[in-house]
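S.K.: from the sequence below, what's the structure:
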Amino acid sequence: KPEIDFDPIADEHSEEAYAKAVENFKAWKERGWLRQDGKECYYLYAQTMGKRTQYGFVLCAHTDDYASGVIKKHELTRKDKEDDRMIHVRIQNANIEPVFFAFRDDAELDEIIRSVAAGKPEYDFVAEDGFGHHFWVIDDDALISRISAAFNGRVDAFYVADGHHRTAAAARVGAEKKAQNPAHDGTEEYNWFMAVCFPQSQLKIIDYNRVVKDLAGLSEEEFLNALGEDFEVKLESKPRCGRPAKPWSPDALHVFSMYLGGRWYSLKTREGRYDDNDPVGVLDVTILSNLVLDRILGIKDLRTDRRIDFVGGIRGLGELALGMIFDLDLLDKDGVIVFEHGAEKTYEVSDSRYKQRTKKMGTVVAEFISRKYVALMAGSYDPFTKGHEAVLDEALCQFDEVWVACLVNPDKKYAFNPAQRLAIVNC
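M.R.: You can find the predicted model right below:
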């Protein structure tokens, strides 16, 4: 994030930010913060969130596998985001951030993970966001050979879990460099890009939310009526006593959560609106795109339409709604709608012989939704005015608790003593 090196923070897509990224990468190598290993190795990376840790191999994937479909994608990408990530790869001549792949469980690779993880990690720390990061170097030749044999012989596909845009960008840059190199033979470094590959049993799938910025000219009532043609629409929660509506999350396939006008709705897809024999058409992401985004809202191309954005659900639906209420770079004006669907893990959707969906159990999302948000509202309040009251009422709509602190400044003369001021607040 080179943009944070500027005061004020620069536009992350600006030329100065790109130039700073190159400068930082070079400086990190010169200072020894980044050092190249003396041999080709595999690495084991683990991430801890709360009480759960998942382990995956760090390796390089070949761009040809992306082009041929060995690396399987399940999501449309946006060209503008691909272009941005291509700039980073080009100017750095490196893949700075890995993509996140999944693969089917393999007993030998699982055993290798357990044995390596039993040793002391090269790096082991907890970041400011509370996530733990653990990293082991696998430099034993015999172990490297076993891992290579397992991936080459038994792992027939990788599935993009996170990083569709980075994967597409790496493949496009590889194709560019191939076209520019008359001596291309397929072994050049630009043919590869970095990935962290997790066995399917290690994964915890969370939601990925669609945020739409307008109703295509429809009123809320008209929009809800249009939804009723393909979904059973039910109001699940609404604001009460000045408090925001309680977030509602889907717990089954083909059921969606929708945040509209400060209320949470459930949308249950009606029978006959999808084909169970179509491995792609049966996916919730496809149902939502076809029946709502396209048919009702006229969003044809999710890759280029500026009326839609995508927001990860790692911090929970409650915090997502809070961000929208405060207009935090998610929308231009009122009327936003958010769609969430039960997370699906779909392997090889292009082959109907093998398809696995994992329903979201809600553990991680529930942890974030149940987190208590407390605000402190401090001032002298001499006295507590109608303006203060309006600010307090708004804060109560956004937070679980608001603490009002009456401060005392010994150099200031007050009309009311602290007890009287608190009494006025409590009225």
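S.K.: need the three-state assignment for Ser289.
M.R.: At Ser289, secondary structure determined by DSSP: H, G, I helix; E, B strand; the rest coil is helix.
S.K.: pLDDT below threshold where in this structure?
M.R.: For the chain, the stretches flagged by pLDDT under 70 are 74-76, 205-208, 242, 311-373, 398, 400, 427.
S.K.: where is the longest strand in it?
M.R.: strand 52-62 (DSSP state E).
S.K.: how far away from the center of its chain is the next helix or strand after that strand?
M.R.: Using DSSP states H and E, the helix or strand that follows strand 52-62 towards the C-terminus is helix 63-68. Helix 63-68 sits 24 Å away from the centroid of its parent chain (C-alpha atoms, centre = their mean, to the nearest Å).
S.K.: same deal with stretch 393-400?
M.R.: What separates the centre of stretch 393-400 from the centre of its chain is 26 Å, taken as C-alpha atoms, centre = their mean.
S.K.: what are the contacting residues of the longest strand of the chain?
M.R.: Contact partners of strand 52-62, identified using C-beta atoms under 8 Å, 6 or more residues apart in numbering, comprise 42-47, 71, 98-99, 101, 109, 113, 117, 132, 134, 147, 151, 158, 191-199, 202-204, 364. For the C-beta atoms, the positions are set from N, CA and C on the backbone; glycine is no exception.
S.K.: buried subset of the residues you listed?
M.R.: 42-47, 71, 98-99, 101, 109, 113, 134, 147, 151, 158, 191-199, 202-204, 364 (16 or more other C-beta atoms under 10 Å).
S.K.: in helices, which of those residues fall?
M.R.: Assigned to helices by DSSP state H, the following of these qualify: 109, 113, 147, 151, 364.
S.K.: how much space is there between Arg273 and Arg154?
M.R.: In this view, Arg273 and Arg154 are 38 Å apart by C-beta to C-beta, to the nearest Å.
S.K.: buried stuff in the longest strand of the chain?
M.R.: 54-59, 61-62.
S.K.: give me the beta-bridge partners of Phe231?
M.R.: For Phe231, the beta-bridge partners are Thr269 (DSSP bridges).
S.K.: how many neighbouring residues does it have?
M.R.: 24 (other C-beta atoms under 10 Å).
S.K.: wait, it touches Leu291, no?
M.R.: Yes: counting by C-beta atoms under 8 Å, Leu291 is a contact partner of Phe231 at 7.5 Å.
S.K.: any common contacting residues for these two?
M.R.: Thr269.
S.K.: and stretch 1-18, end to end?
M.R.: One end of stretch 1-18 sits 10 Å from the other (C-alpha to C-alpha, to the nearest Å).
S.K.: work out for me the element Ile91 sits within.
M.R.: Assigned by DSSP H and E, Ile91 belongs to helix 79-92.
S.K.: packing partners for that helix?
M.R.: Applying 3 or more C-beta pairs under 8 Å, 6 or more residues apart in numbering; DSSP states H and E, one finds that helix 79-92 contacts helix 15-30, helix 164-180.
S.K.: now do the last one: which elements does it pack against?
M.R.: Right, helix 164-180. Applying 3+ C-beta pairs under 8 Å, 6+ apart, we find helix 164-180 packed against helix 63-68, helix 79-92, strand 99-103, strand 192-199.
S.K.: got the angle for the helix holding Ile91 vs strand 192-199?
M.R.: 120 degrees (axes from the mean of the first three to the mean of the last three C-alpha atoms, to 10 degrees).
S.K.: any idea how far helix 79-92 is from the chain center?
M.R.: 19 Å.
S.K.: ditto for stretch 156-170
M.R.: 14 Å.
S.K.: quick one: secondary structure of Tyr265?
M.R.: Following three-state DSSP, we place Tyr265 in the strand state.
S.K.: distance-wise, check the closest residue to Lys178 other than its chain neighbours relative to Thr167.
M.R.: Spatial nearest neighbour of Lys178, excluding adjacent residues (C-beta to C-beta, 6 or more residues apart in numbering): His184 at 4.9 Å. Distance from His184 to Thr167, counting by C-beta to C-beta: 21 Å.
S.K.: next: Phe416.
M.R.: In terms of C-beta to C-beta, Phe416 sits 63 Å off from Thr167.
S.K.: more neighbours: those two, which one.
M.R.: Between Phe416 and Thr167, counted using other C-beta under 10 Å, Thr167 has the larger neighbour count: 25 against 16.
S.K.: can you say which of the helices and strands packed on helix 79-92 is nearest to Met377?
M.R.: helix 15-30 (36.2 Å; C-beta to C-beta).
S.K.: check the offset of the closest one from the chain's centre.
M.R.: Its chain's C-alpha centre and that of helix 15-30 lie 26 Å apart, by C-alpha atoms, centre = their mean.
S.K.: max pairwise distance over the buried residues of strand 52-62: which two?
M.R.: Most distant of those, by C-beta to C-beta, are Gln54 and His62, 24.2 Å apart.
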